[in-house]
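S.K.: below is the sequence, then the predicted model.
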Amino acid sequence: MFEFLSNQMRDEKGRLDSTRGLICGLGAGVAEAVVVVCPMETIKVKFIHDQCSPKPKYRGFFHGVREIVREQGLKGTYQGLTATVLKQGSNQAIRFFVMTSLKNWYKGDDPNKVINPFVTGVFGALAGAASVFGNTPLDVVKTRMQGLEAHKYKSTWDCAYQIMKYEGPLAFYKGTVPRLGRVCLDVAIVFVIYDEVVKFLNKVWKTD
């Protein structure tokens, strides 16, 4: 999705500036949230909460999904959609903004300059760190909205309000340190693989 959007927004020299990178990342994140992330994250969070309960009711993945759909319908796999769209959209917007900015800085006046995979990995780790600090509050709200106690909240905004009211602002940054380590490594690897795949595709099917 990012490649599709960025191909529409590059200038006559084929460059993508930071602002347009942010917009393309936002579009990619929203599409990702709706098609993949929301249902998978909802199921994952429900499973984690169920296994931590005194009497787990899901016997396995397929049984759990079947029970969720039977009891709540398909909407049971799309709980917290607004929070997920906000979280994933901002997530990818921040990552691609940082990544595009760093790449443009590194390439300077030569848009065709090749970037070493190690450098790409370092840039990816920085983009991942930026996204963690930028949207951990949204991730906390999303997780609450997808858990087994999601019924306590009337909406995404009500969830955020209750966290602020009863737990304080620091509650929005719970789990930042462990998430930072995982996400930096995760995003670094993803961007290295992403760049190498794009380079390969450019040889057999022009994408930029």
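M.R.: That came through fine.

S.K.: thought Phe2 was touching Arg95?
M.R.: No - contact between Phe2 and Arg95 fails when scored by Cβ atoms under 8 Å: they sit 9.8 Å apart. Where C-beta positions appear, they are placed from N, C-alpha and C, glycine not excepted.

S.K.: out of the two, which sits in the more crowded spot?
M.R.: Taking other Cβ atoms under 10 Å, Phe2 and Arg95 do not tie; Arg95 has more neighbours (29 against 23).

S.K.: touching, the more buried one and Ala125? I think so.
M.R.: No - judged on Cβ under 8 Å, Arg95 makes no contact with Ala125 at a distance of 10.8 Å.

S.K.: got any residues that touch both of those two?
M.R.: Shared contacts of Arg95 and Ala125 (Cβ atoms under 8 Å, 6 or more residues apart in numbering): Val187.

S.K.: hang on, the earlier thing: what do Phe2 and Arg95 both touch?
M.R.: Between them, Phe2 and Arg95 share these contacting residues under Cβ under 8 Å, 6+ apart: Gly25.

S.K.: now do the helices in the protein.
M.R.: Secondary structure of the chain (DSSP state H): helices at 2-9, 18-32, 38-51, 61-72, 81-107, 117-146, 156-167, 176-204.

S.K.: could these go into JSON lines alongside mean pLDDT?
M.R.: Below are the helices of the chain laid out as JSON lines (pLDDT from 0 to 100):
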{"stretch": "helix 2-9", "mean pLDDT": "88"}
{"stretch": "helix 18-32", "mean pLDDT": "93"}
{"stretch": "helix 38-51", "mean pLDDT": "84"}
{"stretch": "helix 61-72", "mean pLDDT": "85"}
{"stretch": "helix 81-107", "mean pLDDT": "90"}
{"stretch": "helix 117-146", "mean pLDDT": "89"}
{"stretch": "helix 156-167", "mean pLDDT": "88"}
{"stretch": "helix 176-204", "mean pLDDT": "89"}
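
S.K.: residue contacts, the nearest residue to Val140 once chain neighbours are set aside?
M.R.: Distance criterion Cβ to Cβ, 6 or more residues apart in numbering; nearest residue to Val140, sequence neighbours excluded, is Phe172 at 5.3 Å. By Cβ under 8 Å, 6+ apart, the contact list for Phe172 reads 136-137, 140-141, 163-164.

S.K.: can you rerun that using 10 Å?
M.R.: Residues near Phe172 by Cβ atoms under 10 Å, 6 or more residues apart in numbering: 136-141, 160, 163-164.

S.K.: check these and tell me the two furthest apart.
M.R.: Asp139 and Met164 (15.4 Å; Cβ to Cβ).

S.K.: the two: which is more packed in?
M.R.: Legend: neighbour count by other Cβ under 10 Å for Asp139 and Met164, higher for Asp139 (26 against 13).

S.K.: list the contacts for that one?
M.R.: The contact partners of Asp139, by Cβ under 10 Å, 6+ apart, come to 41, 83-84, 86-88, 90-91, 131-132, 172-176, 179, 183.

S.K.: most centrally placed residue in the chain?
M.R.: Nearest to the mean C-alpha position of the chain, counting by Cα atoms, centre = their mean, stands Gln88 at 3.8 Å.

S.K.: for the residue nearest to it when sequence neighbours are not counted, what are its contacts?
M.R.: In this structure, Gln88 finds its nearest non-sequential neighbour in Ala33, 3.7 Å apart by Cβ to Cβ, 6+ apart. Neighbour list for Ala33: 39, 41, 81-89, 91-92, 142 [criterion: Cβ under 10 Å, 6+ apart].
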